[in-house]
Each structure stands twice: as structure tokens, then as C-alpha cells.
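Asks: requesting a structural model of the entry that follows:
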Amino acid sequence: MSDDQSFYSLGCYGNEDVKTPNLDQLAADGMVFDNHYDTTAICMASRANVMTGMLEYKTGCNFDHGPMTQDKWQQSYPMLLRGNGYRTGFAGKLGFEVVDAPGSKDLRLPSDDFDVWGGGPGQTSYNTRQNKSMAKYADEYPHSTLSYGAFGRDFVRDSAAKEQPFCLSISFKAPHMPATPDPRFNDVYAGMTFKKPANFGREHGTHFSKQSRQGRQYERFHSWHYSDDYDKVMAKYHQQIYAIDVAVGMIREALEEHGASENTVIFYTSDNGFLCGSHGYGSKVLPYEEASRVPLIVYDPRHPNRGKQLRTDSLTGNIDFAPTILALAGITPPSNMDGRSLMPVLDDPTTDIHTSLPLINVWGPAQVQS
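Replies: Numbers count the residues shown, from 1 in each chain. Now for the predicted structure:
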């Protein structure tokens, strides 16, 4: 899972300006979901949705509302998988903390709830050495993105050696602001000109509500320089995604090397989208298309539809990951989950598992919430 990645930032989503060979290959091997949405377009809430399969009003998890309570965390897919014999690993930005009960002050990261932990508090850092649980990778991979590829490589190797089923969750910090690309990839987009989306600019946002202009997403069209230096901004943005692509390649190579590639399902997505100047806005949060819609690629090497380069228009959401992962492991999803398994769509791309999904925004200044 990436952080703040727009749905059109991959070659497999039709972007001819970018280089994403490993993710494009994953898409060719699996299925591309063209209408996948994060039901809350901000990291803390979205990551809680992903882990629990529940909508935000049930997780109660967002910056202004509080951390995740232990009873909800206990029903998350990593906890349920580990309780059923899976070796679990996590690296990167978890995005939330856990407490025993509402109002409790004992905030903690659930590091002991994974067999291998490479996560960190808050936003984590692009500087690998500043991420305590990842420091051993800092010499070879001083920028954090590739360090997570190395973590994944090692986790796959060790899990295969133990002959134990495993679940690896990697949450890249990239391409979250402040833009901090890995300098080893500086040549990838040097001097590039990027095509702007058709709805770029303020003139395409006049139909938006007045309240949406009270948040920081409105001023960031200028302060983050989409308005006056688009190519430079997007070069850094896509350079960060290029590093994710390389890290994904590292993990897939490890799956091949250690004999796990034919029995490992891979999901690739983002915690929310990014406006990137569409409608004259920057950032995310607001429940609009570019902030809420994200890439989703699912690859099951055992499935008869593998390698057919299929796409689906089926409406899916981030609440669908947990029930899907549990179903793949033969575990009945808890009744509290709002999501539904993606497997019927993988079986038949014309299948609908949702007729609608809510897009929820309960964060930001009071003017935006009114």
C-alpha cells in the first residue's frame, strides 16, 4: 500500500508519461480494478478501514476522534490470521495507535502483535535510519522506500524457510508530502513534461461547494506549486512512485527465489488518492473523485483468470480487503465487517459486490465540517 497515490499514476491505468514496469507487470498478471475507492480519503481512517473491514463510523478512528480500541483491533485481519497459524509481518506507516478502551491514555503501536515488525509511529521518516525498527537496512538503503522492499524480501525468505503460511503488509510512506524522492532515481524523470488531467485548474472547480474552499486543499493548488511548476512537482511525485515500483519488484523476485510465487496472493493499492491540481485543489481528504479513487491490482497466481490482462468496472472499496484476505485463508470474516470479498469479481469481472459505497469526511477545520 502506497500513501497518497492518484489512480492515474501508473502505466497500467493509461498514463504514458510514467515508468512503472513492475506494477504494470503485476497488473498484466492479475486484474486491474478501475472503480476502487477509499471510503475515507485520509490516512489514519483509511488504514483502520483496511485492517478491520469496517467503515469509519464503526472504527471511530481518525485524527480528531481517537485511536483504535483493542476490541476492534482484535478483529483485524493481521490478528485473525496470526491466531490461525499465519506468520505475520508489517513494515512502514501503520497510521494509528491502539488503546484498551475509549478515552484511555495507554496509546501503543501493536508491534508485539506481529511476528516481525518494521513499523513506526506517526508519519514515519523517509530517512531509514530514523525509523528505529528499520535501522538495520539504513546503510544499504538510506531512503526508506527500498528499505521496505528489503524487509519484504527478508520476510519472504524467512517465512519460506519455516514452511509457514504468511501475511506480509507493507505500507510505504511514498509518495506522501513533503516530496522526498530517493536520489538514486534522479535521472528517471529529469527534464520531463507531464500531461495535465483534463480537469486541471480552478476553472474546473467552480461547481464545488463553498465549504470545500475553506480547507487547506484549496490553497495547496498554489502553495504546493501545481499552478506554477507542475512538471517539477509531478516529476518528484512520480519519482517516489518509481521507487515503490522497484521495491515491489524486489518482493516479487524474493517470492520467485524462495518458491512462494505460485501460492501468494498480492494486492497493490493506496490509502487515498491525490488531487494533483484537478479542479484547482491539492492534497486529498475531500470526498471527491481524485481524492477517493485509487489504484487496485489483485494477483492470485492460482486463479484461472491470471495472465489474461483483465479489468473490472465493479465498484469496490478499502473495506473489502480484510474480508477478502480472511476468505482466502479459509477464515470466516466477523459479522461486524462492512466489506465483501473481492473473489467473486476475480472470478467474473462483470460481477457487482456493491451497488454503492459511502465516502466519509469528518476531519478538517470546522468550516469544512459544517
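Asks: in the lowest-mean-pLDDT helix or strand in the chain, which residues are buried?
Replies: Lowest on mean pLDDT, DSSP states H and E among the helices and strands of the chain sits helix 366-369, with a mean of 76. In terms of neighbour count (16 or more other C-beta atoms under 10 Å), helix 366-369 has its buried residues at residue 368. The C-beta positions use only the backbone N, C-alpha and C, and glycine is treated the same way.
Asks: count the neighbours of residue 96 for me.
Replies: 23 (other C-beta atoms under 10 Å).
Asks: could you list every residue that touches it?
Replies: 44, 47, 48, 61, 67, 68 (C-beta atoms under 8 Å, 6 or more residues apart in numbering).
Asks: helices - which of those residues land there?
Replies: Judged by DSSP state H, the subset of those located in helices is 44, 47, 48.
Asks: send me stretch 245-263 as PDB with only the CA atoms.
Replies: The C-alpha trace of stretch 245-263 is given here as PDB (Å, rounded to 0.1, in the frame of the first residue of the first chain):
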ATOM      1  CA  ASP A 245       7.800   0.000  -8.200                       C
ATOM      2  CA  VAL A 246      11.400  -1.100  -7.700                       C
ATOM      3  CA  ALA A 247      10.600  -2.300  -4.100                       C
ATOM      4  CA  VAL A 248       7.600  -4.300  -5.400                       C
ATOM      5  CA  GLY A 249       9.900  -5.900  -7.900                       C
ATOM      6  CA  MET A 250      12.300  -6.800  -5.000                       C
ATOM      7  CA  ILE A 251       9.500  -8.600  -3.200                       C
ATOM      8  CA  ARG A 252       8.200 -10.400  -6.300                       C
ATOM      9  CA  GLU A 253      11.800 -11.600  -7.000                       C
ATOM     10  CA  ALA A 254      12.000 -13.000  -3.500                       C
ATOM     11  CA  LEU A 255       8.800 -14.900  -3.900                       C
ATOM     12  CA  GLU A 256      10.200 -16.500  -7.100                       C
ATOM     13  CA  GLU A 257      13.600 -17.200  -5.500                       C
ATOM     14  CA  HIS A 258      12.100 -18.900  -2.400                       C
ATOM     15  CA  GLY A 259       9.400 -20.900  -4.100                       C
ATOM     16  CA  ALA A 260       6.400 -19.000  -2.900                       C
ATOM     17  CA  SER A 261       5.400 -17.200  -6.100                       C
ATOM     18  CA  GLU A 262       2.700 -19.700  -7.100                       C
ATOM     19  CA  ASN A 263       0.900 -19.700  -3.800                       C
END
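Asks: what lies in contact with it?
Replies: Outside stretch 245-263, the residues that reach it (C-beta under 8 Å, 6+ apart) are 19-23, 26, 145-146, 148-150, 152-154, 156-157, 159-161, 168, 170, 172, 185, 264, 266, 268, 301-302.
Asks: then stretch 330-340?
Replies: 52-55, 58, 75, 80-81, 84, 317-324, 326-327, 341, 353-354.
Asks: one more: stretch 349-358?
Replies: 31, 37, 39, 55, 305, 310-317, 319-320, 340-342, 344-345.
Asks: I'd assumed residue 174 was in contact with residue 123.
Replies: No: if you go by C-beta atoms under 8 Å, residue 123 and residue 174 don't touch, sitting 11.5 Å apart.
Asks: the two - which one has more neighbours?
Replies: The neighbour comparison of residue 123 against residue 174 (other C-beta under 10 Å) goes to residue 174, with 27 against 14.
Asks: for ChimeraX, write the select line for the buried members of the contacts of stretch 349-358.
Replies: Here is the ChimeraX command that selects the buried residues among these (16+ other C-beta under 10 Å):
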select :31,37,39,55,310,312,314,315,316,317,319,320,340,341,342,345
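Asks: out of the contacts of stretch 349-358, which sit inside strands?
Replies: Judged by DSSP state E, the contacts of stretch 349-358 include 31, 37, 310, 311, 312, 313, 314, 315, 316, 317 as members of strands.
Asks: am I right that residue 26 is in a strand?
Replies: No: with DSSP: H, G, I helix; E, B strand; the rest coil as the criterion, residue 26 is helix rather than part of a strand.
Asks: ok, which stretches of the stretch 1-150 of the chain are strands?
Replies: 31-37, 68-69, 87-93, 98-99, 116-120 (DSSP state E, counting those that start in this stretch).
Asks: which one of the ones you listed lies nearest to residue 2?
Replies: Nearest of the strands of the stretch 1-150 of the chain to residue 2, taken as C-beta to C-beta: strand 87-93 at 9.7 Å.
Asks: where is pLDDT lowest across the contacts of residue 96?
Replies: Note: of these, the lowest pLDDT belongs to residue 61, at 91.
Asks: how about the contacts made by that residue?
Replies: 44, 45, 48, 67, 68, 72, 96.
Asks: please report the distance of it from residue 303.
Replies: Separation of residue 61 from residue 303 (C-beta to C-beta, to the nearest Å): 32 Å.
Asks: between the contacts of residue 96, which sits nearest residue 365?
Replies: Nearest member of the contacts of residue 96 to residue 365, counting by C-beta to C-beta, is residue 44, at 16.8 Å.
Asks: ok, that closest one touching residue 95?
Replies: Yes: counting by C-beta under 8 Å, residue 44 touches residue 95, with 4.9 Å between them.
Asks: can you count the residues close to residue 304?
Replies: 9.
Asks: quick one: it from residue 346, how far?
Replies: Distance from residue 304 to residue 346, by C-beta to C-beta: 10 Å.
Asks: can you check residue 275 too?
Replies: 30 Å.
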